[in-house]
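> Here is my input; please provide its structure:
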Amino acid sequence: MTIRILSAIGDPDAARVVSSLLHQLPDAEPAPAVADSAALLDALARAAAQGDGTSSAGGPSAVEALPEVVVVHERIGPAPALELIREVALRFPAVGVVLITADAGPALFSAAMDAGARGVVGLPLGYEELAARVQAAAQWAAGVRVHLGGSAEAAPGPAGTLVTVTGAKGGVGTTVTAVQLALAARAAGRSVALVDLDLQSGDVASYLDVQFRRSVVDLAGIQDISVRVLQDAVHDHHTGLGLLLAPEEGERGEEVDDRAARQILGALRSRYEVVLVDCGSQMQSANAAAVELAEMALLVTTPDVVAVRAAKRQVRLWDRLQIRKAEDTTTVVNRLTRNTEIQPPLVAKATGTQVARTHVPAAFKELQPCVDAGRLQDLDNRSTVKQALCALAAELALVESPAARQGRGSHRARPTLTGRKRKAIAAGAAPGPGTIPGPASGPASGTGSGSGGRFAGRRGPAARGGTGPFDPAGPYEEG
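This next block holds a predicted model:
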């Protein structure tokens with residue numbers, strides 16, 4: 001949340017000291033200090049009138065236009081500081097006032113609270129005390145504005161879940177994973193925003209067949225992102241996703257710094273239940289800030305030596321820059337096959353991260369028609385890749401887990417039967433534990449006993465000692 005601060009300080013030297021400290025506060029926007037009490041009241045009245053358009057203390061727009069915090073020095077004039085605080089509290093009740101005084105004793109503290117101040121800071125000024133009082137006043141002002149009808153993003157603290165998807169290197173399936181996780185969460189009925197922070201080579205628009213003139217760069221220079229500004233920059237896809245795309249000109253990606261990324265993601269989290277961010281494979285200040293803020297950070301890799309080494313480098317980079325610890329990162333193994341020498345336990349050991357239980361199989365033939373057409377949302381529900389990514393979304397709690405549905409009468413909750421037991425039940429007699437199928441004694445139609453039939457003498461994969469066909473959507477053990 002951006003904190004707009006207006007200071008009322010008559011002494012120029014004290015104004016410079018306070019301004020220097022306020023500029024060090026995170027997400028703070030200090031305005032130039034005013035010199036007296038009349039100038040402060042006039043500045044607040046003009047801000048409210050510009051927001052409302054008709055009155056100086058009107059509806060929600062007037063409330064939004066006011067600064068969150070006003071800092072008043074004890075030597076302000078011509079009105080005494082306590083009288084000025086009382087006047088501000090009466091005329092602009094959604095503004096938090098902080099008093100700077102040399103006498104921070106109990107008597108003055110009580111008088112300041114009675115006048116309507118939200119905090120008292122003693123002289124000489126210290127950064128920690130000033131930051132704590134200003135942030136507390138800003139949170140109080142944000143809560144008041146919500147009750148007075150202010151904007152949704154004025155509410156303190158994020159609401160949505162932030163998930164980042166980063167590739168160990170290029171070409172490991174980062175964008176496909178991010179898009180399918182977003183589609184799975186949207187299909188589960190949640191409001192989802194998909195952000196492309198691969199600022200130089202983002203492909204979310206290409207995968208979803210989108211042409212939109214707005215991008216994340218359009219929000220980088222805006223200090224206060226309102227609901228209307230956010231709606232203008234976010235593309236409403238026909239699947240229900242809200243898309244915030246990367247710029248078409250890759251060089252413009254430098255305009256999005258870490259502060260802009262934090263502000264943009266905070267605005268999105270206040271409006272959407274799930275915010276999925278495609279961070280690409282190159283670390284910049286913007287996507288590094290996203291990884292640091294995320295509740296879940298996914299690292300996508302393929303089971304080959306080059307990709308696993310790249311994943312290890314990425315994890316070490318995050319640890320050196322104090323962005324994220326390895327144990328707080330979840331690695332997703334993509335394009336896994338049964339004959340792959342590098343299995344998920346080895347990936348976990350090499351990178352030091354947690355590896356998702358759900359692995360994505362290698363089935364590019366299923367993806368190729370949708371990728372070439374630029375319509376990844378049309379991927380068939382029977383696709384093993386889509387089923388695996390939906391299972392991954394359930395594992396990450398982005399959608400309801402299939403296990404929860406099995407407890408409500410689903411046919412998957414029933415135990416499965418092997419071919420031999422099914423035929424034995426159909427014949428009316430259950431085979432014993434030592435039954436060995438003998439030669440077929442009946443006709444070729446297989447209507448005899450459970451050990452007869454035309455398929456009785458054949459041995460399936462389980463009888464040969466194997467494990468049956470490989471299930472790409474399920475767990476795979478190293479063997």
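> Val69 against Ala141, yeah?
Yes. Contact criterion C-beta atoms under 8 Å: Val69 and Ala141 qualify, at 6.8 Å. For glycine as for every other residue, the C-beta is placed from the backbone atoms N, C-alpha and C.
> where do the contact lists of these two overlap?
Val95, Gly96 (C-beta atoms under 8 Å, 6 or more residues apart in numbering).
> Okay, domains of the chain per the record?
3-154, 161-406 (automatic domain parsing).
> Including mean neighbour count, could these go into CSV?
Listed next are those as CSV, based on neighbours: other C-beta atoms under 10 Å:
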stretch, mean neighbour count
domain 3-154, 18
domain 161-406, 19
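> Quick one: those domains as CSV, columns for mean pLDDT too.
Converted to CSV, the domains of the chain look like this (pLDDT from 0 to 100):
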stretch, mean pLDDT
domain 3-154, 82
domain 161-406, 92
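> just the helices in the stretch 51-200 of the chain please.
Counting by DSSP state H, counting those that start in this stretch, the stretch 51-200 of the chain has helices at residues 60-65, 81-91, 106-115, 127-147, 174-187.
> Spatially central residue for this protein, please.
Leu162 (1.4 Å; C-alpha atoms, centre = their mean).
> wait, isn't Val360 in contact with Gln180?
No. Using C-beta under 8 Å, Val360 makes no contact with Gln180, being 9.2 Å away.
> Common neighbours of the two, please.
Val385, Leu389.
> coming back round to it: of all the helices of the stretch 51-200 of the chain, which one is nearest Ser7?
helix 127-147 (10.4 Å; C-beta to C-beta).
> Let's see the closest one as PDB, backbone CA atoms only.
Extracted C-alpha coordinates of helix 127-147, given in PDB (Å, rounded to 0.1, in the frame of the first residue of the first chain):
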ATOM      1  CA  TYR A 127      14.000   6.500  11.800                       C
ATOM      2  CA  GLU A 128      12.600   3.500  13.600                       C
ATOM      3  CA  GLU A 129      10.200   5.400  15.800                       C
ATOM      4  CA  LEU A 130       9.100   7.700  12.900                       C
ATOM      5  CA  ALA A 131       8.500   4.700  10.600                       C
ATOM      6  CA  ALA A 132       6.500   2.800  13.200                       C
ATOM      7  CA  ARG A 133       4.200   5.800  14.000                       C
ATOM      8  CA  VAL A 134       3.700   6.700  10.300                       C
ATOM      9  CA  GLN A 135       2.900   3.100   9.200                       C
ATOM     10  CA  ALA A 136       0.500   2.600  12.200                       C
ATOM     11  CA  ALA A 137      -1.300   5.900  11.300                       C
ATOM     12  CA  ALA A 138      -1.500   4.800   7.600                       C
ATOM     13  CA  GLN A 139      -3.000   1.400   8.500                       C
ATOM     14  CA  TRP A 140      -5.600   3.100  10.700                       C
ATOM     15  CA  ALA A 141      -6.500   5.600   7.900                       C
ATOM     16  CA  ALA A 142      -6.800   2.700   5.400                       C
ATOM     17  CA  GLY A 143      -9.300   0.900   7.700                       C
ATOM     18  CA  VAL A 144     -11.300   4.100   8.200                       C
ATOM     19  CA  ARG A 145     -11.500   4.700   4.400                       C
ATOM     20  CA  VAL A 146     -12.900   1.200   3.800                       C
ATOM     21  CA  HIS A 147     -15.800   1.900   6.200                       C
END
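> Which neighbouring elements make contact with it?
For helix 127-147, the elements it packs on are strand 3-8, helix 12-22, strand 69-73, strand 96-101, strand 119-122, judged by 3 or more C-beta pairs under 8 Å, 6 or more residues apart in numbering; DSSP states H and E.
> Repeat the analysis, applying 7 Å as the threshold.
strand 3-8, strand 69-73, strand 96-101, strand 119-122 (3 or more C-beta pairs under 7 Å, 6 or more residues apart in numbering; DSSP states H and E).
> elements contacting the first one?
Helices and strands in packing contact with strand 3-8 are listed as helix 12-22, strand 28-30, helix 37-52, strand 69-73, helix 127-147; criterion 3+ C-beta pairs under 7 Å, 6+ apart.
> got a list of what the closest residue to Tyr127 other than its chain neighbours touches?
Closest residue in space to Tyr127, ignoring its immediate chain neighbours: Leu21 at 5.5 Å, by C-beta to C-beta, 6 or more residues apart in numbering. For Leu21, the contacting residues are Leu125, Tyr127, Leu130, by C-beta atoms under 7 Å, 6 or more residues apart in numbering.
> what residues does stretch 247-261 touch?
With C-beta under 7 Å, 6+ apart as the criterion, stretch 247-261 contacts 197, 199-201, 215-217, 220, 246, 285-286, 288-290.
> Narrow these to those in helices?
Ser285, Ala286, Ala288, Ala289, Ala290 (DSSP state H).
> got a list of what the last one touches?
Yep, that's Ala290 we're talking about. Contacts of Ala290 by C-beta under 7 Å, 6+ apart are Thr164, Leu197, Ala261, Leu265, Val277, Cys279.
> mind redoing it with 6 Å?
Listed by C-beta atoms under 6 Å, 6 or more residues apart in numbering, the contact set of Ala290 reads Thr164, Leu197, Ala261, Val277.
> Of these, just say which sits nearest to Ala394.
Using C-beta to C-beta, the contacts of Ala290 come closest to Ala394 at Thr164, 18.7 Å.
> beta partners for the closest one?
Residues in a beta bridge with Thr164, per DSSP bridges, are Val277, Ala297.
> That one contacts Leu276, doesn't it?
No. Contact status for Thr164 versus Leu276: not in contact, 7.9 Å apart, counting by C-beta atoms under 6 Å.
> got CSV for the helices of the stretch 51-200 of the chain, with distance to Ile323 too?
Shown next, in CSV, are the helices of the stretch 51-200 of the chain (distance: least, C-beta to C-beta, whole Å):
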stretch, distance to Ile323
helix 60-65, 33
helix 81-91, 41
helix 106-115, 41
helix 127-147, 23
helix 174-187, 17
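> Nearest to Ala35, out of these?
helix 81-91 (12.8 Å).
> between that closest one and strand 3-8, what angle do the directions make?
140 degrees (axes from the mean of the first three to the mean of the last three C-alpha atoms, to 10 degrees).
> now helix 81-91 against strand 69-73, angle please.
Going by the same axes, to 10 degrees, helix 81-91 makes 160 degrees with strand 69-73.
> which residues sit against helix 81-91?
So helix 81-91 is in contact with Ser37, Ala57, Val72, Glu74, Val97, Ala115, Gly116, Ala117, going by C-beta under 6 Å, 6+ apart.
> just how off-centre is the helix or strand hosting Gln387 within its chain?
Assigned by DSSP states H and E, Gln387 belongs to helix 384-395. In terms of C-alpha atoms, centre = their mean, to the nearest Å, the centre of helix 384-395 is set 18 Å apart from its chain centre.
> before we move on, what about stretch 264-273?
Counting by C-alpha atoms, centre = their mean, stretch 264-273 comes out at 8 Å from the chain centroid.
> cool, stretch 167-183 as well?
15 Å.
> same check, this time on stretch 346-356
On C-alpha atoms, centre = their mean, the centre of stretch 346-356 falls 22 Å from that of its chain.
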